[in-house]
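K.L.:
Sharing a model prediction with you, sequence too.
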Amino acid sequence: MNREMHIPTVGIGKRPTWSLLLIPFCILLTSICYAQDPWKVLAQRPETLGLASGKETYRTQSFNLVLVKESQTVAALQPLNDLAFDFTPGDRLDLRKADGLYQLGDINLRLRQVGSVEWKDYSSAKHRSTVQALPQAGKVLAAADLSSTLGNDAPIKVKRYWEQVDGKLILRFELTNNTEQGVEIGALGIPMIFNNILHERSLDEAHAKNVFFDPYIGMDAGYLQVARLSGTGEALLVLPYGKTPFEAYRPLLDDPTPRGITFEGFHEWMVHSKAYAEKEWKGVSQWNEPSAVVLKPKEQISYGLQFILADHVTQLEKALKANNRPVAVGIPGYVLPQDVEGKLFIDYASKVKSIDIYPKNALSIMKDKRIKENLQSYQVTGRKWGRATVKVHYADGKTQTIHYKVIRPESQIMDSIGHFLTTKQWFDQANDPFGRNPSVISYDYEEQKQVTQDRRAWVAGLSDEGGAGSWLEAMMKQFVQPNKEELQKLQVFAHETLWGNIQHSEGPQKYGVKKSVFYYEPDSMPAGTYDSNINYKVWSAWNKKGADDVGRSYNYPHVAAAHWVLYRLSRYHQGLVDQENWQWYLEKAFHTSMAMVKQAPYYAQFGQMEGSIFLLILQDLKNENRLVEAQELEAAMKARADHWRTLNYPFGSEMPWDSTGQEEVYMWSDYFGYHDKAAVTLSAIMAYMPTMPHWAYNGNARRYWDFLYGGKIARIERQIHHYGSALNAIPVLKAYRDQPENLHLLRVGYGGLMGSIANITEDGFGPSAFHSYPSTLANDALSGDYGSGFFGYAINTSSYLVHHEDFGWLGFGGNTREEKDWVVFKPTTAAKSKIFIASAKLWLSLDAGQFSEVAYNVNTKAIRIKLAAKNAFTPEAFLRLNQDSKATSYSLDKKQDIERGAYRVPLHSQETILTLICNN
């Protein structure tokens, strides 16, 4: 969630300074500001790393490895093809040189003697001391005995080796029990210290120097991927060496590097985690079963990691395969609706020995045909709602875990969402002093109550993402799956609360959108208005003047989207919307779009979350032949796109780095033919939207600060499927439709799309995001800004029929079957309104009506369409054919009237069948 109006600025019309960007966080988290810049405080800590003794450089087949001589930890890890780039924060060693600051090469242990109850922690980073160098020979580049820095009382001797084995850089730890008693290793973590520190960097600098990294917590098949922010150049893969499973991913919260907007924090690769599961993570179901190991007296064990370069972040699976690692590919992904027939492909030289499912019967998995020597196919079906783990045991002794989330069929999810929002979240408190009734208001799922007051004004104030999220979600749900009863309530909200309160309906600020309708001004309100248990002495408790500010551009897309949905339902259906005609709603959508650039001009220079709505409004203005308005809106948006075209990285925001601007920047750059900027934007998206066999991280766009602004547990933390996943799926899937040969784009985009509904509870509550910390691994309790992500789902929900040279016919958002020359595809999405047939490069979309089935003839290339029967509100379908002008051309075999650029098709009490003929 962007926060430009919530952050102190210097001067008028200037972006907030980076140091000031930290201020709101310390207020929100601790209610006091730092007396000093925390980065300066960090720099003043005594140096113990041993930098004065110098560094040593080692050249491997792929890297230039620089080690601090005294600690033998990494000072730089540079790819030989680009020695100016460093995957690690080596340029911060002057700041990160004291005790407690983790470096790549450190190790954390939690140990106890067999028979003892208490665990004891040991860390090579906690109290630095010069390590004892060991002889170099053969494959060993550098080696050290870590006893001096782990402490004399450590019951285990640890030796660390930097090695080159078969041209690969290896980090290996050798642990020996030198006591006469067994020692249990309850936790073993290897800190993953890479350069994700964005402090005091411009967007250009950050994209040139920094990385983000994502974990596949998949046991022996696990890995960490490290990609440059730009998404260009080689990407780094950290893989197990020997038996070093990726069991858990622990945040290193004790590292004093200041976490905030400019630094997400570091994590460690955990090989064993039982000791944390018993204590800090007690009662929390982990991704993998926590383990420990007992070392007998004089017994030795070794753990290691290897560092591999992939040609590009999109080529990681190719690199995994080249390095003899198991590669799993789930179709359509790892968020699996119960009515979807999923597929799982495993590519590995060793045979699958057995497969276990946890919880039992959560999934069914059946072996299918072997496609080629090392590629095995499986059919996967979700049975029980919730998290599910597939545990694959290979003949060579490796174990891989693949993590699924089983959800209800999408149409059922929409029903539960609509019901929850218009009942439990429906606020209609008589005489509300802030005029919020009626509305869909924020909700606390833990307390099972509406949030009518909060120290963050917007959360209870129906605006900003954290307050508008719920009513936006309710509106967008109607676009996917309209319900007359729900719409009756939402129309009242739109006319009585949205129009005239959240949005000005008259006066000089007409169409302007307030930051919040809830505010804290006790002197002007009756006694007892505000809850005395809430701390309102914070920056986020705006007074009325602050709440009434219309200068926050990010609030306008929510309102424009609400008007647009009502326009679409009024225009393309009968009897669903009856308070005003379609023209009224389209005009409001247009004027809201223009008000953003007129009344919030400074922040309108940045890409907006949900900014795709303005393109949709423009397209409908053109379809309605409202050319004057269309030209005005297009000119305003082109002026913004022209500005973005002047920037190297055109998706900035008021934040130093952000992941919300890319959606709109890409869509307008693509629309206006600025393909260079669209490509730069897409490349950056791919850097932090991975595809991996884990529902939580597959397609998960990066965001790590919005729990502070829209969550109940307010902390800096990698968020699981925050709204960025679905919003950035919009450009990724658009790019796929332009490049249908690129399956990677579809897998990433569909992962983000489905991630947006992965966290919905069984009864229909939409949380702001899922907590990734192993101490939580659960939904946040507040609804927060979930609605922005649901917007991305609503306008982008779609089905894809694809043929892959190895995997065969695949369905994303639908099930496929082959009948002689026909491939039959039945969509399973809730809307069933968009289908892309990759082989034909054809995008079929319905403004009204639903596809019940589409079939593609592999010989004639003809397409047979079945439209669902009419209902009380939808007597006609409106079909659009969007096709690549350079590809195969299609047309209907029978003449149909064209209205607003779409084929107008009367529907009947039975399915309507249409045929598309290939013209070349």
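P.N.:
Arrived safely, thanks for sending. Remember, predicted model here, so these are calculated numbers, not experimental data. Numbers count the residues shown, from 1 in each chain.
K.L.:
Now the most far-flung residue of the chain relative to its centre. Nearest residue, chain neighbours left out?
P.N.:
No residue in the chain sits farther from the centre than residue 180, which is 49.3 Å out by Cα atoms, centre = their mean. With Cβ to Cβ, 6 or more residues apart in numbering as the criterion, residue 180 has its nearest non-adjacent residue at 5.2 Å, and that residue is residue 297. For every residue, glycine as well, the C-beta is placed using N, CA and C.
K.L.:
who are the neighbours in contact with that neighbour?
P.N.:
Residue 297 makes contacts with 177, 179-182, as judged by Cβ atoms under 8 Å, 6 or more residues apart in numbering.
K.L.:
Show only the entries of these found in strands.
P.N.:
residue 177 (DSSP state E).
K.L.:
where do the helices sit along the stretch 451-600 of the chain?
P.N.:
In the stretch 451-600 of the chain, the helices defined using DSSP state H, counting those that start in this stretch lie at 464-480, 484-493, 544-548, 556-572, 582-599.
K.L.:
and the gap between the residue nearest to residue 180 and residue 179?
P.N.:
6 Å (Cβ to Cβ, to the nearest Å).
K.L.:
Residue 228 too?
P.N.:
Using Cβ to Cβ, residue 228 is found at 45 Å from residue 179.
K.L.:
What of residue 905?
P.N.:
Separation of residue 905 from residue 179 (Cβ to Cβ) stands at 80 Å.
K.L.:
So for the two, which sits in the more crowded spot?
P.N.:
Neighbour totals were compared for residue 905 and residue 179, and residue 905 leads with 21 against 15 (other Cβ atoms under 10 Å).
K.L.:
which SSE is that one in?
P.N.:
If you go by DSSP states H and E, residue 905 is part of strand 902-906.
K.L.:
so what secondary structure elements neighbour that strand?
P.N.:
Counting contacts by 3 or more Cβ pairs under 8 Å, 6 or more residues apart in numbering; DSSP states H and E, strand 902-906 packs against strand 876-883, strand 897-899, strand 912-918.
K.L.:
measure stretch 834-849 end to end?
P.N.:
Criterion Cα to Cα, to the nearest Å; first-to-last residue distance in stretch 834-849 is 10 Å.
K.L.:
Under the pLDDT cut-off, which ranges of this protein? List them.
P.N.:
Scanning the chain for pLDDT under 70 picks out the ranges 1-35, 654.
K.L.:
hmm, who's touching stretch 38-57?
P.N.:
By Cβ under 8 Å, 6+ apart, the residues outside stretch 38-57 that reach it are 22, 34, 64-71, 73, 75, 93-99, 101, 103, 127-130, 142, 199-200, 256-258.
K.L.:
meant to ask about stretch 777-784
P.N.:
Residues outside stretch 777-784 that contact it (Cβ under 8 Å, 6+ apart) are 284-287, 425, 442-447, 451, 459, 465-466, 469-470, 473, 706-707, 709-713, 759, 761, 765-771.
K.L.:
Name the nearest residue to residue 573, sequence neighbours excluded.
P.N.:
Spatial nearest neighbour of residue 573, chain neighbours left out: residue 873 (4.6 Å); criterion: Cβ to Cβ, 6+ apart.
K.L.:
rewinding a little: quick check: which of the helices of the stretch 451-600 of the chain is nearest to residue 506?
P.N.:
Nearest to residue 506 among these is helix 582-599 (12.4 Å), distances taken as Cβ to Cβ.
K.L.:
now the helices for the stretch 1-150 of the chain?
P.N.:
Using DSSP H, counting those that start in this stretch, helices in the stretch 1-150 of the chain cover 18-21, 23-30, 38-43, 147-150.
K.L.:
again, but for the stretch 601-750 of the chain
P.N.:
So, for the stretch 601-750 of the chain - with DSSP H, counting those that start in this stretch - the helices run 612-623, 627-645, 661-671, 675-688, 707-710, 724-738, 743-758.
K.L.:
can you put these in TSV and add mean neighbour count and distance to residue 584?
P.N.:
Converted to TSV, the helices of the stretch 601-750 of the chain look like this (neighbours: other Cβ atoms under 10 Å; distance: least, Cβ to Cβ, whole Å):
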stretch	mean neighbour count	distance to residue 584
helix 612-623	21	14
helix 627-645	17	14
helix 661-671	26	26
helix 675-688	22	34
helix 707-710	25	31
helix 724-738	26	27
helix 743-758	27	30
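K.L.:
could you redo these as TSV and give each row distance to residue 516?
P.N.:
Listed next are the helices of the stretch 601-750 of the chain as TSV, based on distance: least, Cβ to Cβ, whole Å:
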stretch	distance to residue 516
helix 612-623	21
helix 627-645	25
helix 661-671	23
helix 675-688	30
helix 707-710	12
helix 724-738	22
helix 743-758	25
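K.L.:
of all those helices, which lies closest to residue 113?
P.N.:
Among the helices of the stretch 601-750 of the chain, helix 707-710 comes nearest to residue 113, with 39.2 Å by Cβ to Cβ.
K.L.:
rewinding a little: and the residue nearest to residue 180, how far is that from residue 156?
P.N.:
Distance from residue 297 to residue 156, counting by Cβ to Cβ: 11 Å.
K.L.:
Packed most tightly, which of the helices of the stretch 451-600 of the chain would that be?
P.N.:
Highest mean neighbour count among the helices of the stretch 451-600 of the chain (mean count of other Cβ atoms under 10 Å): helix 464-480, with a mean of 28.
K.L.:
distance between that helix and the chain's centre?
P.N.:
19 Å (Cα atoms, centre = their mean, to the nearest Å).
K.L.:
picking up where we left off before, surely the residue nearest to residue 180 forms part of a helix?
P.N.:
No - applying DSSP: H, G, I helix; E, B strand; the rest coil, one finds residue 297 to be coil, outside a helix.
K.L.:
if we can go back for a sec, can you list the helices of the stretch 451-600 of the chain in TSV and add distance to residue 632?
P.N.:
As requested, those are exported to TSV (distance: least, Cβ to Cβ, whole Å):
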stretch	distance to residue 632
helix 464-480	25
helix 484-493	28
helix 544-548	27
helix 556-572	15
helix 582-599	7
